[in-house]
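In: Quick one: sequence and predicted model below, then my questions.
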Amino acid sequence: MASAFTSELVRAFRDTHLLSTNGVNDPLSPLTTGLHLGEAGVAVTLELKEDGLAEMTRYAANSDAHDSLMIPEDGAPLAELLGEFQRPALICPHATGTLNHAQSECSALRTAFGNVPPLLMLKPFTGHTLGACGLLDVALIAAALPELPGNLPGLTGVAHFLPKLLPGEPVLKIASGMGGHNAVVELRVH
């Protein structure tokens, strides 16, 4: 199988100042300097609902078309999208590791929910996979619900331990793409 990581691709990420230059893999830290690449392929099977399995209950998307690389610092388009969902018990943010994205996504979360629900940060475990990071996170969350793992110790702005989810409580996964695409998936366990 061919690798998604070619020297040209890595150089393009480096040249646009999106790759971490200091090795800090803490997406919401003011010390973060960029993303850490990972590699994954993901496929999911959609099945009829069975008790005890995670259910995708909602999907919505929008686009801000702000810039090919940067996103609006106020996070307004993402906040608008999040406002279409009920307050979740937990959120898995996109959390790229760039300062621009941390500022924008945190602003969107505060605008949409006020007091931000607990966050599950998966990129410190997986890296930022290209073309698969949103679905990879959905697959990992769906497989683990309702007993999600905690965050890595010492991450900025998140608790190490996550609350136990009750049946029917929603979990949101946020995914953002270059060019301004925002997507949110709501998962629940019944």
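Out: That came through, no problem.

In: Wait, residue 139 touches residue 45, no?
Out: No - using Cβ atoms under 8 Å, residue 139 makes no contact with residue 45, being 10.2 Å away. To be clear about C-beta, it is placed using only N, CA and C from the backbone, and glycine gets the same treatment.

In: and those two? which has more neighbours close in?
Out: Using other Cβ atoms under 10 Å as the criterion, residue 139 and residue 45 rank with residue 139 on top: 17 against 4.

In: Report the mean confidence score over the strand or helix carrying the more buried one.
Out: Assignment of secondary structure by DSSP states H and E places residue 139 within helix 133-144. Averaging pLDDT along helix 133-144 yields 90.

In: cool, stretch 36-55 as well?
Out: Confidence for stretch 36-55, expressed as mean pLDDT, is 80.

In: List the buried residues in that stretch.
Out: 36, 37, 38, 40, 54, 55 (16 or more other Cβ atoms under 10 Å).

In: Tabulate those residues in TSV, adding columns for secondary structure and distance to residue 30.
Out: Below are the buried residues of stretch 36-55 laid out as TSV (DSSP: H, G, I helix; E, B strand; the rest coil; distance: Cβ to Cβ, whole Å):
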residue	secondary structure	distance to residue 30
36	coil	17
37	strand	21
38	strand	23
40	coil	28
54	strand	34
55	strand	37
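
In: ok, of these, which one's closest to residue 130?
Out: Lowest distance from residue 130 to those (Cβ to Cβ) belongs to residue 37, with 6.9 Å.

In: tell me the contacts of the closest one?
Out: 5, 10, 13, 19, 127, 128, 129, 130 (Cβ atoms under 8 Å, 6 or more residues apart in numbering).

In: what do you get for residue 35?
Out: Residue 35 is in contact with 13, 18, 19, 20, 96, 97, 98, 123, 127, 128, counting by Cβ under 8 Å, 6+ apart.

In: So which elements touch the longest helix anywhere in the chain?
Out: Secondary structure of the chain per DSSP state H: the longest helix is helix 99-113. Counting contacts by 3 or more Cβ pairs under 8 Å, 6 or more residues apart in numbering; DSSP states H and E, helix 99-113 is packed against helix 76-82, strand 171-177.
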